[in-house]
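**Q** what follows is a predicted structure for the sequence shown.
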Amino acid sequence: MKKWWHARELSTVAILLAEVLFFTWYLWPEEGRTHPFFNLGNALLIFKYSSIYGIAAIGAAIVIISGGIDLAPGAVIALTTVVTGYLFVNLGLPLWLSAFAGVGVGVAAGLTTSALVVRARLPPFIATLGIMGIWRGAAYIVTEARFYDLSAKLPRGWQIAGVSIDWLGPAVMIVLAIVFQRFMTGYQWGRRIFAVGGNETAALFSGVPVNRVKVLAYVISGVLASVSGVVLAVVQGQGKADLANGYELDIIASAVVGGASLAGGRGSVAGAVLGALIFGVLRNALPQIPGATFYDRLIVGVVVIVIVVMDQVLVRRES
Amino acid sequence: MSVAGRLEFHDVHKSFGAVRALRGVSFEVSAGEAHAVVGENGAGKSTLLKILAGIVRPDRGDVRFEGQPFHPSSPRDALVRGIGMVYQERLAFPNLSVAANIFAGREVTRGVTGKLDEPAMRERTTRLLEELHIPISPDVRMEHVSAAYAQLVQVARAIAFDCRVLVLDEPTTSLTDAEVEHLFRVVLALKARGVTLLFVSHRLPEVFRLCDRVTVFRDGAAVGTHRCADTTTDTIVRAMVGREPPERVARPAVSTATTPALAVRGLTRRPSFSDITIEVRPGEIVGLFGLVGSGRTELLETIFGLAKPDAGAIDVGGKAVAIRSARDAARAGLALVPEDRQQQGLCFNLTLRHNLMIPRAEKSGVVRIDKRDETAAAGAQVERLAIRTPSVDRLPDTLSGGNQQKVVAAKWLATEPSVLLLDEPTKGVDVGAKFEIHNIIRANAARGMACLMVSSDLPEVLTVADRIVVMREGRLQGELAGAAATEESVMNMAAHK
């Protein structure tokens, strides 16, 4: 029987807690002042910005578990904000319809990628590198250096059912994390994704529809990146071609820190979201330390390597 | 007495997880002799070679080379210290030239810059190839070199490194008779120059022809060393198996009046096989024998929907079926235990429970996984096939090869097929597991399953099959009743027109 404390997600939770404790201690304020890091408003900020990465990281984890890689989410996010912004601002469509059409950007990215991977037999790295360029390029062509100002058309201090719109991203991320965690562990499609990533030939010989599994993984990844894009467009109030530049690497890093193995067959949706929060806390807390802002990228790089090395040492000790 | 090339093993142990590959191996290879190591699959021969090549380290025990302790840190270290390996597979760089392959890891360089001295290596390679009578150019890329010459290039590499010991691992498996002759001439010439030969093979006639002494491995131990001149093939076979060869198990006759469970009619897939017609009745075990390259594996994979046939039809239970994928095959009532359990059989990232339940779920179209039902069904398979594991939540690599093979069979038996296709079902498992697998096949046939078993293991085909169908170069050569067939009659059909 697999013991619950062997669950890989727990070590990710432990890292996240250790990180929060560290910054709480390090940034402890003088007597009588509010804590600059450990307060509810800041927690919301962290969740709000992490959710853009976290939602897409769920898709990235699923593609990585299936044995592939998706470099396109940053570009998909950008084009989604542009399409949603164009429809909502320039054409005056209702927000829900514009958002829905925006998600079409991700569906198209997923279908095109999987056609290239399954039919043309391109390596996923190359296929999604191409998609990344094309989707980002399309965003620039549509906007021609302008941007769509959604915030002007959205009500100021907008609330849904009495809750600030700032909670939209975190709420979507948590709901999707629960849905896809269940999907990956409790449903046959999820198991197929693990099987294909673990041993594609054995999966094929076992009756698994391998090609359909790959299509599903890339479409999920594309759709979730688009959902990230919709959240970004609404929360940030912009549709712009240079949004989410370079996000794909942080998204992949989140999935990997959360336990996904680039060799395929291993990883977790919950872990990917926790990974996104680990980076979200870093991105939030480092600028509050005088002089540390410039170390942001360097520390992110070091964290990825340290966590993955730790993980491998633990796996080796277990076996 | 000279020590150049002498190898000694004292009480060498090696385990991989739960599998005890070597349990106290002791024997020695004298300087300058040709020494054979024989044994069944899983007897420990390949582990011994991996230790010599520096790929694995023994857990315990002493290996000595020329009187000194020998623990190479890598294949290159073993080579530099004087032990050259010739493998049956091409462990070479297919994209590099023959010369580059021979000098890989010990390139001849010039000056302080370390610039490669291509002309020197090319020159040396030309001489080596001439010496070994290998009519190929040093510049040709390795991928264009035939299997036989690829092995001789490995020999050339060992000579280039001045090896005192040459280890040959099943070198003749994929060679023609003429190529075997060439290889033997070359290694005997090396032996005459004082090179010690360690020859690992299961082909006893070659062992007797080439070697001075032979050490028999069984279940991870060296059970005896014999002088070839003073022993016989029968003695060696008995030592390898550890008991008398198994008897045929008497089986009830299968009625020829019943509808065939599987009927293949005129199935053709060029260039692998053409116009194959086979019927297998419920409860019948049909052995499909043929030499490597006769198209048997391709035939099974085509029946199972993994490749598209050019022509022909398949009936299951008297009804024509269109099978375009393994899932279609499963739904038609077919099951395939594939040849290579590492590549085709198991997902090593998934637990036994998950592995065991994939085909069953694909067949029934499960959407949501019912863990309780799965645990019960997987547990039942583990029990039914006596798979030795503490839990169905273990990973497959904690099991021995034989138990892994039983898992592959179990995951398909869980679909309750009417037709069981088996491709080399006992390849690479130990003797005990082999008999267990034979009994599993017989038990399922007794319950009415139709079994079509491909095997290169002639004694296996003769003891298990009710009927033996022979293929040669993609065509049916004929068939024999299992009880009446002999090794000679089957082999004659498989090898001659």
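**A** Received the coordinates, thanks. The structure presented is a predicted model; accordingly, all values stated were derived computationally and were not measured.
**Q** quick one, phi psi at residue B:332?
**A** The phi and psi values for residue B:332, taken as degrees, to the nearest 10, are phi -80, psi -10.
**Q** wait, residue A:103 touches residue A:79, no?
**A** No. With contact defined as CB atoms under 8 Å, residue A:103 does not reach residue A:79; the gap is 11.3 Å. Every C-beta, even on glycine, is put in place using the N, C-alpha and C of the backbone.
**Q** neighbour count winner among those two?
**A** residue A:79 (32 against 21; other CB atoms under 10 Å in any protein chain shown).
**Q** now name the helix or strand holding the more buried one.
**A** Assigned by DSSP states H and E, residue A:79 falls within helix A:73-85.
**Q** tell me the helices and strands packed up against that helix.
**A** helix A:40-65, helix A:95-114, helix A:124-143, strand A:148-149, helix A:210-236, strand A:238-239, helix A:247-257 (3 or more CB pairs under 8 Å, 6 or more residues apart in numbering or on different chains; DSSP states H and E).
**Q** what parts of chain A come near chain B?
**A** With CB under 8 Å from any CB of the partner chain as the criterion, chain A meets chain B at residues A:1-2, A:186-189, A:191, A:194-195, A:197-199, A:201-209, A:264-266.
**Q** where are the low-confidence patches of chain B?
**A** B:1-2, B:18, B:41-42, B:88-91, B:174, B:243-248, B:496-497 (pLDDT under 70).
**Q** what is the neighbour count of residue A:69?
**A** 21.
**Q** then residue B:95?
**A** Neighbour tally, residue B:95, other CB under 10 Å: 10.
**Q** you'd agree it is up against residue B:143?
**A** Yes. At 6.9 Å, residue B:95 and residue B:143 qualify as touching, with contact defined as CB under 8 Å.
**Q** and residue B:226, what are its phi and psi?
**A** With angles defined as degrees, to the nearest 10, residue B:226 shows backbone torsions of phi -120, psi 150.
**Q** could you count how many residues lie near it?
**A** Close neighbours of residue B:226, defined as other CB under 10 Å, add up to 17.
**Q** could you do the one 4 residues further on as well?
**A** Residue B:230 is surrounded by 8 other residues when neighbours are defined as other CB under 10 Å.
**Q** go on, the one 4 residues further on?
**A** Counted with other CB under 10 Å, residues neighbouring residue B:234 total 10.
**Q** which parts of the stretch 301-450 of chain B sit against chain A?
**A** For the stretch 301-450 of chain B, the residues in contact with chain A (CB under 8 Å from any CB) are B:306, B:325-327, B:329-330, B:336, B:338, B:343-351, B:354, B:358-359, B:361-363, B:366-369, B:371, B:391, B:393, B:411.
**Q** count residues in the vicinity of whichever residue of the stretch 151-300 of chain B sits closest to chain A, would you?
**A** Closest approach between the stretch 151-300 of chain B and chain A, counting by CB to the nearest CB: residue B:300, at 10.9 Å. The number of residues packed near residue B:300 is 23, by other CB under 10 Å.
**Q** dihedrals phi and psi, it?
**A** Per degrees, to the nearest 10, the backbone of residue B:300 is at phi -60, psi -40.
**Q** so how far is chain B from the residue nearest to residue A:150 when sequence neighbours are not counted?
**A** In space, and not counting its chain neighbours, residue A:150 is closest to residue A:237: 4.8 Å by CB to CB, 6 or more residues apart in numbering or on different chains. The gap separating residue A:237 from chain B is 40 Å, by CB to the nearest CB, to the nearest Å.
**Q** show the pLDDT at residue A:237.
**A** Reading off the confidence values, residue A:237 has pLDDT 91.
**Q** my read: it touches residue A:154, true?
**A** Yes. Counting by CB under 8 Å, residue A:237 touches residue A:154, with 6.3 Å between them.
**Q** phi, psi of the nearest residue to residue B:83 once chain neighbours are set aside?
**A** Closest residue in space to residue B:83, ignoring its immediate chain neighbours: residue B:165 at 4.6 Å, by CB to CB, 6+ apart. Taking degrees, to the nearest 10, you get phi -130, psi 130 for the backbone angles of residue B:165.
**Q** neighbours around residue B:165, how many?
**A** So residue B:165, with other CB under 10 Å, has 25 neighbours.
**Q** for the one 10 residues further on, same thing?
**A** Other residues near residue B:175 come to 17 when the count uses other CB under 10 Å.
**Q** dump the helices and strands packed on helix A:73-85 to TSV, plus distance to residue B:85.
**A** As requested, the helices and strands packed on helix A:73-85 are exported to TSV (distance: least, CB to CB, whole Å):
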stretch	distance to residue B:85
helix A:40-65	37
helix A:95-114	43
helix A:124-143	35
strand A:148-149	66
helix A:210-236	36
strand A:238-239	63
helix A:247-257	37
